[in-house]
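1. build the 3D model from these lines:
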Amino acid sequence: MIILDKPMKKTFLSLLILLITVSVLAQNDGAKFRKIDSLLTYYYANNKFMGSVAIREKDKVVFAKAYGFADVENQTPATVDTKYKIGSVTKMFTSTIIFQLIEEKKLTLKTKLSEFFPKIKNAEKITIGSMLNHKSGIFNFTADSTFNTYNTKLQLRKDMLERLYSYPAAFEPDTKADYSNSNYLLLGYIIQDITKKTYKENVTARIINKVGLKNTYYFGKINPKKKEAYSYRYKNSEWEKSEEWSESIAGGAGALQSTPADLTKFAQALFTGKLITPESLTEMTQIDMGYGKGVFNFPFGERKFVGHNGGIEGFSSVLGYYAKENLGFSLIVNAQNCDFNDLVLGILSCYYKLPYRFPNFSTVAIDDTILKSYEGNYSNPKLPFTINVKLVDGKLRVHADEQGTFYLNAISTTEFNHDASGVVMVFSPKGFTLKQNGAETFFTKK
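-> Sure thing, here's the model as predicted:
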């Protein structure tokens, strides 16, 4: 996994949204939280995940629970106070500090990168604003093939800068947007240079202490005695510990650890004007070419959450905030053997009392040669998108432009399903039939 995964533009999957209908179930609030708990317990019992979740309504955490272990080897159970590395959710903190510095008139969105790091390609054309929303064209250092050779070792700032100096531009600034961790690593350095204090000191004074976050701080070597979780991958029917990375390669792009409750508290403070002005918040949340400045949108039905996701080592995380309801949601996992999107979809479906079937984790082993034969692009003349099917790590991955990406579970050699959405796809030599909510639609293979 590359540090701080690219944003999941459809994190709260609506999937093939025009084919899905929803209705409200008759549940009280206690029932919906029990269903969330049952869902996550079911995932955990089937070795699909370990982690922690929190849902905050205004100033109150209404649901919080941890599942599994912080330390598998020593059988140390995770609790709601267990700290997990949050990866790219750190970028929301970094962006907040940049806007604070702008409000203090110590820089502007139009300030050029060349004022700080003139050796970066196109530095004289790159602004702070274009870095915040990934329009800088600075090559993403985590995409370099050499990244895995040094990510576990301490890296000096000059070492990281020399790497960034050596990369050619990925594209001309402001011509498009493409996610790059390099932007936020550099923004963290700029914060240091302007304030003459470390990134850790800045995030502690400007956000953590100001908001009252008790379990959020810059990570170092994992210490179980401090209730810090290790991360794991599922291999050979057991959880195998992931290798730890050095915080020096993450910086302002992803070097924080936290709890879901703390993250929702941070989001509530940010989006209610306790950290930056309303004008700054408007600028931060304005979407341009798919990205805000340190945030992006997560659609869930008619609702539009704002936040970020992250991935580092074996950790995955998401933080979302829905302003209309003053609702904060965060999930952090330290082990997953499932589609993270499906897990998020299930939690929010339960919370909003929408029809939701627990996934069926029974599956049929199918030879890759058969799965390979289903690869290709499929379309229906009445629908304005193409569906791409591709074999990825032994599973069929389905992607439809602007409709999301998900993985299929094999029921037989021709029939596959995606339980979270109720989708069934039956393949034939000429295409596949998509079944959902009693409707059937045939897609022809191009």
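2. mind listing the residues bridging to the spatially most central residue of the chain?
-> Central residue of the chain (Cα atoms, centre = their mean): Asn309, 2.2 Å from the mean position. Applying DSSP bridges to Asn309 gives these bridge partners: Val318.
3. right, and it touches Ser330 too?
-> No: using Cβ atoms under 8 Å, Asn309 is not in contact with Ser330, being 10.3 Å away. In short, each C-beta sits where N, CA and C put it, glycine included.
4. any common contacting residues for these two?
-> Residues touching both Asn309 and Ser330 (Cβ atoms under 8 Å, 6 or more residues apart in numbering) are Ser317, Val318, Leu319.
5. among those residues, name the buried ones.
-> By neighbour count, with 16 or more other Cβ atoms under 10 Å, those hold Ser317, Val318, Leu319 as buried.
6. now do the top helix by length along the chain: distance to the chain's middle.
-> Secondary structure of the chain per DSSP state H: the longest helix is helix 29-45. Offset of helix 29-45 from its chain centre (Cα atoms, centre = their mean, to the nearest Å): 22 Å.
7. list the buried residues for that helix?
-> Lys32, Phe33, Lys35, Ile36, Leu39, Leu40, Tyr43, Tyr44.
8. neighbouring contacts of it?
-> Residues outside helix 29-45 that contact it (Cβ under 8 Å, 6+ apart) are 27, 49-50, 53, 62-63, 65, 67-68, 338, 343, 346-347, 350-351, 353, 356, 358.
9. buried members of those residues into ChimeraX, please.
-> The following ChimeraX line selects those of these that are buried, judged by 16+ other Cβ under 10 Å:
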select :49,50,53,63,65,67,68,338,343,346,347,350,351,353,356
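10. looking at the contacts of helix 29-45, which are in strands?
-> Cross-referencing the contacts of helix 29-45 against strands under DSSP state E gives Phe49, Met50, Val53, Val62, Phe63, Lys65, Tyr67.
11. so the closest residue to the third one other than its chain neighbours bridges to which residues?
-> I take that to be Val53. Computed as Cβ to Cβ, 6 or more residues apart in numbering, the closest residue to Val53 that is not its neighbour in sequence is Leu331, at 4.8 Å. Under DSSP bridges, the beta-bridge partners of Leu331 are Val53, Val318.
12. how many neighbours does Phe117 have?
-> 17 (other Cβ atoms under 10 Å).
13. how about Ser373?
-> Ser373 sits with 12 neighbouring residues when counted by other Cβ under 10 Å.
14. phi first, then psi, for it.
-> Reported as degrees, to the nearest 10, the phi and psi values for Ser373 are phi -70, psi -20.
15. likewise for the one 5 residues further on?
-> With angles defined as degrees, to the nearest 10, Tyr378 shows backbone torsions of phi -130, psi 150.
16. what's the helix or strand for the spatially closest residue to it that is not a sequence neighbour?
-> Leaving aside its chain neighbours, Tyr378 sits nearest to Phe443 (3.8 Å; criterion: Cβ to Cβ, 6+ apart). Assessed by DSSP states H and E, Phe443 sits inside strand 439-445.
17. buried residues, that strand. List them.
-> Phe443, Lys445.
18. now do that strand: which elements does it pack against?
-> Applying 3 or more Cβ pairs under 8 Å, 6 or more residues apart in numbering; DSSP states H and E, one finds that strand 439-445 contacts strand 376-379, strand 431-436.
19. from the chain's centroid, how far away is it?
-> Taking mean C-alpha positions (Cα atoms, centre = their mean), strand 439-445 and its chain are 31 Å apart.
20. okay if I get the buried residues of helix 29-45 as JSON lines plus distance to Lys372 and pLDDT?
-> Output for the buried residues of helix 29-45, formatted as JSON lines (distance: Cβ to Cβ, whole Å; pLDDT from 0 to 100):
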{"residue": "Lys32", "distance to Lys372": "41", "pLDDT": "95"}
{"residue": "Phe33", "distance to Lys372": "43", "pLDDT": "97"}
{"residue": "Lys35", "distance to Lys372": "38", "pLDDT": "96"}
{"residue": "Ile36", "distance to Lys372": "37", "pLDDT": "97"}
{"residue": "Leu39", "distance to Lys372": "33", "pLDDT": "96"}
{"residue": "Leu40", "distance to Lys372": "34", "pLDDT": "97"}
{"residue": "Tyr43", "distance to Lys372": "29", "pLDDT": "95"}
{"residue": "Tyr44", "distance to Lys372": "33", "pLDDT": "96"}
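21. turn those residues into JSON lines, including distance to Leu109.
-> Shown next, in JSON lines, are these (distance: Cβ to Cβ, whole Å):
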{"residue": "Lys32", "distance to Leu109": "41"}
{"residue": "Phe33", "distance to Leu109": "41"}
{"residue": "Lys35", "distance to Leu109": "44"}
{"residue": "Ile36", "distance to Leu109": "40"}
{"residue": "Leu39", "distance to Leu109": "42"}
{"residue": "Leu40", "distance to Leu109": "40"}
{"residue": "Tyr43", "distance to Leu109": "42"}
{"residue": "Tyr44", "distance to Leu109": "44"}
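22. elements contacting the worst-scoring helix or strand of the chain on mean pLDDT?
-> The helix or strand of the chain with the poorest confidence is strand 404-407; it has a mean of 82 (mean pLDDT, DSSP states H and E). With contacts defined as 3+ Cβ pairs under 8 Å, 6+ apart, strand 404-407 has these neighbours: helix 340-351, strand 395-400.
23. list the pairing partners of that strand within its sheet, with orientation.
-> For strand 404-407, the paired strands and their directions (DSSP bridges) are strand 395-400 (antiparallel).
24. what's the angle between the strand it pairs with and strand 431-436?
-> Between the axis of strand 395-400 and that of strand 431-436 there is an angle of 80 degrees, by axes from the mean of the first three to the mean of the last three Cα atoms, to 10 degrees.
25. can you list contacts of strand 395-400?
-> By Cβ under 8 Å, 6+ apart, the list of residues contacting strand 395-400 reads 16, 371, 374, 385-391, 405-408, 410, 416, 418, 425.
26. filter these down to just the ones in helices.
-> Leu371.
27. dump stretch 86-96 to PDB, restricted to CA.
-> Presented in PDB, the C-alpha positions along stretch 86-96 are these (Å, rounded to 0.1, in the frame of the first residue of the first chain):
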ATOM      1  CA  ILE A  86      -4.600   8.100  10.400                       C
ATOM      2  CA  GLY A  87      -2.600   8.600   7.200                       C
ATOM      3  CA  SER A  88      -3.900  11.300   4.800                       C
ATOM      4  CA  VAL A  89      -6.600  12.500   7.200                       C
ATOM      5  CA  THR A  90      -3.500  14.500   8.500                       C
ATOM      6  CA  LYS A  91      -3.800  16.700   5.500                       C
ATOM      7  CA  MET A  92      -7.000  18.300   7.000                       C
ATOM      8  CA  PHE A  93      -4.800  19.400   9.900                       C
ATOM      9  CA  THR A  94      -2.100  20.700   7.700                       C
ATOM     10  CA  SER A  95      -4.500  22.600   5.500                       C
ATOM     11  CA  THR A  96      -6.100  24.100   8.600                       C
END
